[in-house]
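Novice: Build me a model:
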Amino acid sequence: MAYSVNTTPLLQEYDSENEDERQIQPNTAVINDKPLFFKPLEPRDRYYMSFFIFYLLGVVTLLPWNFYVTADDYWMYKFRNISLNSSVVNASAKRTPLQAEFTSYLSLASSVPNLIFLALNTAISHRVSLNKRVLGSLVSMLILMIATLVFVNLNTDQWQQIFFVVTLTCIVLLNVTNIVVLTLYFSHFSVCSAIFSGSIFGVVGKFSPIYITAVIGGQALGGIFAAVAEIVSLSIGASSTHAAFVYYVIGNVTIVISIICYVVLEKTVFFNYHFLEHPDSNEFDSKSGSLDISYKVILKKMWCYGLSVFLTLAFTLSVYPGVTVLIESEGKGHGNRWNDVFFVPTIAYLLFSVGDYLGRILAGRLLKPKNISALMILSIARFIFIPLLMLCNAQPRHHWAVVFDKDYEYILILFMCALSNGYLANIVAIFVPKVVDHHEKEIASSILTIFMGIGLTLGSAVSLFMVRLL
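Specialist: Next comes the predicted model:
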């Protein structure tokens, strides 16, 4: 029997400073014309650079969503009743239909195409290079966010309905690929956060759980970042449009920084070490040169976790932010800026994002419960937050009575909803790569994002009904 063996010692020290990142290859041996792979010594993540970049990329995966949905004061100004006042938003005035339903339509316009192209990303992840998916998505995201910035200073008072449609169209484009991607065998352009999000989740599934927590935590931190940026822009005391202009400039700068950081990340030894597919089973296909990957087998291993995260996100999106953005302070209309201006961005967005972030961090520390049945029970139990938040002081309302009219009651309910949402979402994201084989991790993580997308889509659709049910 003929042997062709790589004699490089398996335990030799890896010199990450002198070795070209692009030349990282697993040690191999060829026996009976079949390659066997041996994993080299893992390089260090110097200065935790990759960790922090994954955090930033996690922030950017939801940046368009966060920056659109958090700018409540701006949208209230754009869709105000111009017959009452042409320059400011009247805090005591009843919301117009566009003001009341905009956030729910925003969620729906984001989640439906997002779901479609999350599924598409799973299909193309082995056909389109990671760089084209990620960088194409980021550049396209930047272009559309710049377009949003242009609309800030345009007077849309006389064409609010058209502006409403244009805004939702931008949201759709921010969450889907260009039509060219449908012919993915001919063109590999992608211009959506769904492709970006699916790609990042797929890749980070190959890393240790702390990097999964970094991306998940980054998503929650993105909500905090957007809420703080909104509060800062409002605190400068300028007009709604000027505050929004500052706000969206911050968003665009963040995307530019993320593009630079990703280019740096994909050149590192640490990233390439984990991103290279190191076969670790006997399923290597010598004809195609790759491992057999069965979507059915992967789905069978992780569908329970997918169902758990689906329920978690569906219940949350049913009331957040569609209903919660309508919940007013008990002291609104009395001339206090906290009640009239800062209550919604601080409580509905900042507090929720902080609770969501803390839940995700806590999950990364505890890693419990490990039993899928317990996870399912906890996910189902979160249904209680739908009626609880519906009974808070959301306005306008026509059918339900207000039961929890105190600010502290609403704050407590919302914080527990956010904390449990972040905790369960991160627990599932951490466990899924553990229940599949190494070469299945990217696909499994991408499939998980599809379950997330379905939950977001269903929840967003239900939220529009909930707003009208109030």
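
Novice: now the chain, which segments are flagged as low pLDDT?
Specialist: Scanning the chain for pLDDT under 70 picks out the ranges 1-40, 85-93, 114, 117-128, 175-199, 201-202, 237-238, 276-292.

Novice: the domain parsing of it - what is it?
Specialist: Per the record, the chain has its domains at 1-41, 42-278+294-469, by automatic domain parsing.

Novice: Mean neighbour count for those domains - can I get that in JSON lines?
Specialist: Heads up, the C-betas are built off the backbone N, CA and C, glycines and all. Formatted as JSON lines, the domains of the chain follow (neighbours: other Cβ atoms under 10 Å):
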{"stretch": "domain 1-41", "mean neighbour count": "11"}
{"stretch": "domain 42-278+294-469", "mean neighbour count": "19"}
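
Novice: Quick check: closest non-adjacent residue to Ile250.
Specialist: Using Cβ to Cβ, 6 or more residues apart in numbering and skipping the chain neighbours, the partner closest in space to Ile250 is Ala229 (4.9 Å).

Novice: Look up how far Ala429 lies from Ala394.
Specialist: Using Cβ to Cβ, to the nearest Å, we find Ala394 at a distance of 31 Å from Ala429.

Novice: no wait, Arg382
Specialist: Distance, Arg382 to Ala429, using Cβ to Cβ: 17 Å.

Novice: Hmm, Ala348 is touching Leu414, no?
Specialist: Yes. The pair Ala348 / Leu414 is scored as a contact, 7.4 Å apart, by Cβ atoms under 8 Å.

Novice: what's the overlap in contacts for these two?
Specialist: Counting by Cβ atoms under 8 Å, 6 or more residues apart in numbering, the common neighbours of Ala348 and Leu414 are Thr324.

Novice: which residues touch Trp338?
Specialist: Residues in contact with Trp338, defined by Cβ under 8 Å, 6+ apart, are 329, 331.

Novice: oh sorry, the question was meant for Lys301
Specialist: 435-436, 440, 444 are the contacts of Lys301 under Cβ under 8 Å, 6+ apart.

Novice: Which pair of those spans the longest distance?
Specialist: Using Cβ to Cβ, the contacts of Lys301 span at most 9.4 Å, a distance reached by Val435 and Glu440.

Novice: With adjacent residues omitted, what lies nearest to Leu456?
Specialist: Of all residues not flanking Leu456 in the chain, Ser111 sits nearest, at 4.1 Å (Cβ to Cβ, 6+ apart).

Novice: Select from the contacts of Lys301 every entry located in strands.
Specialist: Nothing among these maps onto strands, per DSSP state E.

Novice: so which of the residues you listed would you say is closest to Gly136?
Specialist: Gly136 lies nearest to Ala444 out of the contacts of Lys301, by Cβ to Cβ, at 23.7 Å.

Novice: ok, so what distance separates the closest one from Tyr295?
Specialist: Applying Cβ to Cβ, the value for Ala444 to Tyr295 is 10 Å.

Novice: Kindly report the same for Trp400.
Specialist: Using Cβ to Cβ, Trp400 is found at 43 Å from Tyr295.

Novice: likewise Trp338?
Specialist: Going from Trp338 to Tyr295 by Cβ to Cβ gives 51 Å.

Novice: Determine which residue lies closest to the centroid of the chain.
Specialist: Residue closest to the average C-alpha location in the chain (Cα atoms, centre = their mean): Leu62, at 4.0 Å.

Novice: mind listing the helices for the stretch 151-300 of the chain?
Specialist: In the stretch 151-300 of the chain, the helices defined using DSSP state H, counting those that start in this stretch lie at 160-174, 193-204, 209-235, 240-265, 269-275, 295-319.

Novice: nearest to Asn131, of these?
Specialist: Comparing those against Asn131 with Cβ to Cβ, the closest turns out to be helix 240-265 (8.6 Å).

Novice: For that closest one, name the packing helices and strands.
Specialist: Packed against helix 240-265 by the contact rule (3 or more Cβ pairs under 8 Å, 6 or more residues apart in numbering; DSSP states H and E) you find helix 49-61, helix 63-69, helix 72-78, helix 130-152, helix 209-235.

Novice: If I take that helix and helix 49-61, what angle do their directions form?
Specialist: For helix 240-265 against helix 49-61, the angle by axes from the mean of the first three to the mean of the last three Cα atoms, to 10 degrees is 140 degrees.

Novice: could you measure the closest residue to Glu266 other than its chain neighbours against Val60, distance?
Specialist: Once flanking residues are discounted, Glu266 sits nearest to Asn131: 6.5 Å by Cβ to Cβ, 6+ apart. Going from Asn131 to Val60 by Cβ to Cβ gives 16 Å.

Novice: picking that back up, the residue nearest to the centre of the chain and Ser318: what is the separation?
Specialist: From Leu62 across to Ser318, the span is 18 Å (Cβ to Cβ).

Novice: With adjacent residues omitted, what lies nearest to Gly218?
Specialist: Of all residues not flanking Gly218 in the chain, Gly58 sits nearest, at 2.1 Å (Cβ to Cβ, 6+ apart).

Novice: quick one: the one you found and Ile216 touch, right?
Specialist: Yes. Using Cβ under 8 Å, Gly58 is in contact with Ile216, at 6.6 Å.

Novice: Excluding chain neighbours, what is closest to Thr324?
Specialist: Distance criterion Cβ to Cβ, 6+ apart; nearest residue to Thr324, sequence neighbours excluded, is Ala348 at 4.7 Å.

Novice: mind checking the SS state of the one you found?
Specialist: Under DSSP: H, G, I helix; E, B strand; the rest coil, Ala348 falls in the helix class.

Novice: Tell me which residues touch it, please.
Specialist: Neighbouring residues of Ala348 by Cβ under 8 Å, 6+ apart: 72, 321, 324-325, 327, 414.

Novice: Please convert those to a markdown table, extending it with distance to Gln158 and secondary structure.
Specialist: Shown next, in a markdown table, are those (distance: Cβ to Cβ, whole Å; DSSP: H, G, I helix; E, B strand; the rest coil):
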| residue | distance to Gln158 | secondary structure |
| --- | --- | --- |
| Asp72 | 23 | helix |
| Pro321 | 28 | coil |
| Thr324 | 31 | helix |
| Val325 | 26 | helix |
| Ile327 | 31 | strand |
| Leu414 | 37 | helix |
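
Novice: want to throw those into JSON lines with distance to Thr103?
Specialist: Shown next, in JSON lines, are the contacts of Ala348 (distance: Cβ to Cβ, whole Å):
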{"residue": "Asp72", "distance to Thr103": "8"}
{"residue": "Pro321", "distance to Thr103": "5"}
{"residue": "Thr324", "distance to Thr103": "9"}
{"residue": "Val325", "distance to Thr103": "5"}
{"residue": "Ile327", "distance to Thr103": "12"}
{"residue": "Leu414", "distance to Thr103": "15"}
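
Novice: ok, those residues vs Val246, which is closest?
Specialist: Within the contacts of Ala348, proximity to Val246 (Cβ to Cβ) peaks at Asp72, which comes in at 15.5 Å.

Novice: Just send the helices of the stretch 151-300 of the chain back as CSV, with distance to Leu142 too.
Specialist: What follows is these, written out as CSV (distance: least, Cβ to Cβ, whole Å):
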stretch, distance to Leu142
helix 160-174, 10
helix 193-204, 11
helix 209-235, 16
helix 240-265, 5
helix 269-275, 22
helix 295-319, 26
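
Novice: For Met466, see how far away the closest residue to Leu234 other than its chain neighbours is.
Specialist: Distance criterion Cβ to Cβ, 6+ apart; nearest residue to Leu234, sequence neighbours excluded, is Ala243 at 5.4 Å. Ala243 is 29 Å from Met466, where distance means Cβ to Cβ.
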